[in-house]
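[1] Provide a 3D model corresponding to the input given below.
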Amino acid sequence: VTSKKADNETTTTTKEKGTVLGFAHFRYEPDDEDHPAHPVSYLYELQIRRTVQNLGLGKKLMTIIELLSIKLHMKKCMLTVFRSNEAAMGFYVRRKYVVDEFSPSNFEGGEECDYEILSKSFG
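    Prediction:
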């Protein structure tokens, strides 16, 4: 597992013999651009090569992100997931992620939106 950091953005990659097996792209940022209340980590992408899915790499990368977030005093980890991606939704729910207060489904007309914002609070 390697990590690359630029400003407040981090990419964590898992490699085997020079082949990228998966990566996570996340940033540390305020929970709301207009009215920031807390620092959070925001997962922009989690990709695992199809041939090595269901072997624990995604879980390992998420654990790294969550531990870094806790160590850096982030209040929660947030991410966006398409409602139609049942495998991803199940993965995050098993990791104790819930629909976030900022998710479109919590606002009028949001039920038509094709994604949810999930989060996991720390502390």
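[2] adjacent strands (with direction) for the lengthiest strand in the chain?
    Assignment by DSSP state E gives strand 19-30 as the longest strand of the chain. Sheet pairing of strand 19-30 (DSSP bridges) gives strand 9-16 (antiparallel), strand 39-48 (antiparallel).
[3] buried residues in it, which are they?
    Residues 21-26, 28-29 are the ones in strand 19-30 that count as buried (16 or more other CB atoms under 10 Å). C-beta here means a position set from N, CA and C on the backbone, and glycine is covered the same way.
[4] got it, and stretch 98-107?
    Here stretch 98-107 shows 100, 103-104 as buried, counting by 16+ other CB under 10 Å.
[5] which helices and strands does the lengthiest helix in the chain pack with?
    Determined from DSSP state H, the single longest helix within the chain is helix 57-71. Where contact means 3 or more CB pairs under 8 Å, 6 or more residues apart in numbering; DSSP states H and E, helix 57-71 is packed against strand 9-16, strand 19-30, strand 39-48, strand 76-82.
[6] how near is the residue located most distally from the centre of the chain to Glu116?
    Computed with CA atoms, centre = their mean, the residue of the chain farthest from its C-alpha average is Lys17, at 26.0 Å. Distance, Lys17 to Glu116, by CB to CB, to the nearest Å: 36 Å.
[7] excluding chain neighbours, what is closest to Asn106?
    Val99 (7.1 Å; CB to CB, 6 or more residues apart in numbering).
[8] residues contacting the spatially most central residue of the chain?
    Most central in the chain under CA atoms, centre = their mean is Leu43, positioned 3.1 Å from the mean C-alpha point. Counting by CB atoms under 8 Å, 6 or more residues apart in numbering, Leu43 touches 24-26, 62, 65, 77-79.
[9] and which of these is nearest Ile48?
    Each of those was scored against Ile48 by CB to CB, and Ala24 proved nearest at 9.4 Å.
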